[in-house]
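> coordinates for the following, if possible.
(2 chains)
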Amino acid sequence: MAQAPFPTSEPVDFIIIGSGAAGGVVAKELSAAGHSVVVLEQGPHLRAADFKHDEWGYKHNNDLVWGARQGHPQTFRKTENDTAVLVESALGYAHNVGGSSVHFSGNFWRFREVDFIEASLLGPIAGTTFSDWPITYDDLEPYYTKVDWEVGVSGLAGPWDPPRSRGYPCPPMPVKASGVLLERAAKQLGYTPYPAPVAILSQVHNGRPACIHCGFCNGFGCEVDAKSSSMAAMIPLALATGNCELRTLCTAARINTDAAGRANEIVYWEEDGREQSQRANAVVLCANGAETPRLLLLSESSQFPDGLANSSGVVGQNLMFNGASSATGLFDEPVNAFKSVPTTRVMHDFYSLDPSLGFYGGGGIDSRHPSNGLPLGTGLSGSLFGGPNWGSEYKHSLAEEFTHTAAFNGHSTSLPLATNTVTLDPDLRDKWGRAALRCTYKDHPDDIATMRFFLERSLELLDAAGAKQVTSRPITETEGNVHLLGTCRMGNDATTSVVDRNNRSHDVPNLFMVDGSSLVTGGRGQPTMTIMALAFRAADYMIAAAGRNEV
Amino acid sequence: MTPTQYSRRAFLRSAGNAARGSCIVLTLPMILTSCERAQEARLGEGEFTTLSAEEAMEFTAIAARIIPTDATPGATEAGVIYFIDKVLGDDREAEHEILRRGLTELQAAAEMRFAVTHFYELQAEQQDRLLTDIEASAFFATIRYLTVAGMFSLPEYGGNRDNIGYQLLGFEDRHVWQSPYGYYDADYADKGA
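Prediction:
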């Protein structure tokens, strides 16, 4: 068969839009199975050697997460009755090969059995689209194990884990002082803390090196490829097959369909603005929970007047972010949580809150540096424990805040609501002239109650840990996030979901949506491992279907 | 006296105010260096590319109150003004405009309250009073943000000279750390959970 690079005039077997957590996995699986694959990625191919400890660049200048200054403005409103206003980033994601898996923290919590069947267990929740998944944990377990071994996860199997068919490939990271503080406090209160599973290698695995504990994970690209991004773990394998061509700085404009309603061509822009198109036998949309629905909506036609694959009308709906809460303690001795990976201990004793509390929710608590271990972040958040935020007193409070603190953070559920959406902004365009991303989001009251619950537990834990002072971030309504979930949800019913149980569009038989947009529920705050597991599973299905000539 | 000479003296006075404290002897050479650079800009040959010399002197004085020079070096020694000059030139005209407008108002307040033309001419206590009055303003938020950013960003952006900001925090920008990282994990290794 033909080898990459491929001519645009001849159809390739699969074109994948987006090279992130899902796209990287799908590209590797399909190309390893012998299919011709073109991957379009709107960002550059940054590699380990390109990354720096550049907090200003990555966290404040949007070098990875592009915003208005890079020609990608977004707007935000709480409800459709509000006027959407220009924001730097409500739907945040990294624009580079590997997507946000490059700059994530790598907290790889599997979803549990309950996540897939919770609506049946608890019953419907008024005002929400809370639903069971069309697949179960057992369906996904083999693919979680594939993620563990092929992508690379470090952790410790134990009674705290959902059932697993194989142990972790790498032992857990060395515990940090912040992890010890959480572990000791949690045990004192009768909980079950355990070593945090992370997509960062604690030892050499699959030819990639072990973490050297520099501390710059969250928001940064790993400088030694120890972080298991799809850039480090999947894309090189895809390219090595000779069947995969990665076209970077190429931005998808629309998906075209033929008279039969099959997706047959992607129109895209090259870096210099030149319009290009690629024919394909099948299209896999892995552009993330914001860009995937956006591209479907932008691909409206007389055949698909409400957007491609949107006969249900739910494309872009049910956006979920995950809840977050954070409390920080000041300790007598050095914690130095700025070193090594963000989190080394986690507890899931409140995975499913007791319904008698009167609200739905659940989540986990981990322990981190309050400002992600970052110097500038610490300077901006100071003085954390009260006092002035400029002047001599402020200046001299910073050292203690940087070295002697640990934050116990809650990561929790968010309910799917039809009114929380990704849509096209009618009044704003991006640098390519496309309608800008518009985010509409207001937390369900139960999500807020859940965040409060976790904040209270964090404060109790900090007290048990011996913190001499504590402070917490007030719980406020979410106005943006980097977990972009649910906007092309999976389901058996074509009138209420966008893709079927194999991530295939209900409406367009050779179109697959594979990324955070497929998630029916958002889990407990760490969705990327599930996005990758779904990608492995969807790719398996595509390969089998292609073998039967059924794509 | 030419305006240039006046500015130079005024800048020195401002820097002296900022440096009032136990390390003045230690840091004065650095302040003088900053002053010389501001002066070069004034003469049209310096290294400020975005800020005017007057802005540079005023923002240096403000930054010196946000992160003062006392027992340890502050924003002045860290070269925060060079960071501000550099990043404002990078597509940040909106922020520069907030600073321009705010500075004009601050100078008007300095004139009204203390009968001076420039913020940098004031004593530190007077400067703090004026800044306290505008703590809630977009101007103060912007100059504080840029000052803190200049203190703690990579030195290649122009500030955080000699890692002065990092040293203030007890941060060392290393690529390799080894366990134990802090007290409690060392203790855990000794005693267990």
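> and the closest residue to chain B within the stretch 201-350 of chain A, what is it in contact with?
The stretch 201-350 of chain A approaches chain B most closely through A:Glu333 (3.4 Å), counting by Cβ to the nearest Cβ. Heads up, the C-betas are built off the backbone N, CA and C, glycines and all. By Cβ atoms under 8 Å, 6 or more residues apart in numbering or on different chains, A:Glu333 lies in contact with A:Ala177, A:His404, B:Gly182, B:Tyr183, B:Tyr184.
> give me the phi and psi for it.
phi -110, psi 160 (degrees, to the nearest 10).
> tell me where the chain has helices.
As the question left the chain open, I've gone with chain A. With DSSP state H as the criterion, chain A has helices at A:21-32, A:55, A:113-122, A:137-146, A:177-188, A:230-233, A:235-240, A:291-298, A:375-381, A:392-403, A:445-464, A:528-547.
> sorry, should have said chain B
B:3-19, B:24-42, B:53-66, B:75-78, B:80-88, B:93-114, B:124-133, B:138-152, B:164-169, B:183-191.
> which one's the longest strand in chain A?
strand A:275-285 (DSSP state E).
> buried set for it?
A:Gln278, A:Arg279, A:Ala280, A:Asn281, A:Ala282, A:Val283, A:Val284, A:Leu285 (16 or more other Cβ atoms under 10 Å in any protein chain shown).
> what is the burial count for A:Asp427?
Around A:Asp427 sit 11 other residues, with neighbours defined as other Cβ atoms under 10 Å in any protein chain shown.
> could you list which residues are in contact with it?
Contacts of A:Asp427 (Cβ under 8 Å, 6+ apart): none.
> how close does it sit to chain B?
Going from A:Asp427 to chain B by Cβ to the nearest Cβ, to the nearest Å gives 19 Å.
> sorry, back to before: and the furthest pair within the buried residues of strand A:275-285?
Using Cβ to Cβ, those span at most 16.1 Å, a distance reached by A:Arg279 and A:Leu285.
> ok so, going back, what pairs with the longest strand of chain A, and is each one parallel or antiparallel?
Take DSSP bridges as the rule and strand A:275-285 pairs in its sheet with strand A:12-17 (parallel), strand A:263-269 (antiparallel), strand A:511-513 (parallel).
> run the chain-centre distance for that strand.
Centroid displacement of strand A:275-285 relative to its chain, using Cα atoms, centre = their mean, to the nearest Å, is 24 Å.
> next, the contact list for the residue in the stretch 51-200 of chain A that chain B sits nearest to, please.
As assessed by Cβ to the nearest Cβ, chain B sits closest to A:Ala177 within the stretch 51-200 of chain A, at 3.2 Å. Neighbouring residues of A:Ala177 by Cβ under 8 Å, 6+ apart: A:333-337, A:406, B:180-186, B:188.
> between those, which is nearest B:Ile143?
Nearest to B:Ile143 out of the contacts of A:Ala177 is A:Ala337 (Cβ to Cβ; 29.4 Å).
> which residues does that closest one contact?
By Cβ under 8 Å, 6+ apart, the neighbours of A:Ala337 are A:Lys176, A:Ala177, A:Ser178, A:Ser367, A:Arg368, A:His369, A:Gly373, A:Thr405, A:Ala406, A:Ala407, B:Tyr181, B:Gly182.
> to what extent is the nearest residue to A:Asn492 once chain neighbours are set aside buried, counted in neighbours?
Nearest residue to A:Asn492 in three dimensions, chain neighbours excluded: A:Pro134, at 4.7 Å (Cβ to Cβ, 6 or more residues apart in numbering or on different chains). When neighbours are defined as other Cβ under 10 Å, A:Pro134 has 18 of them.
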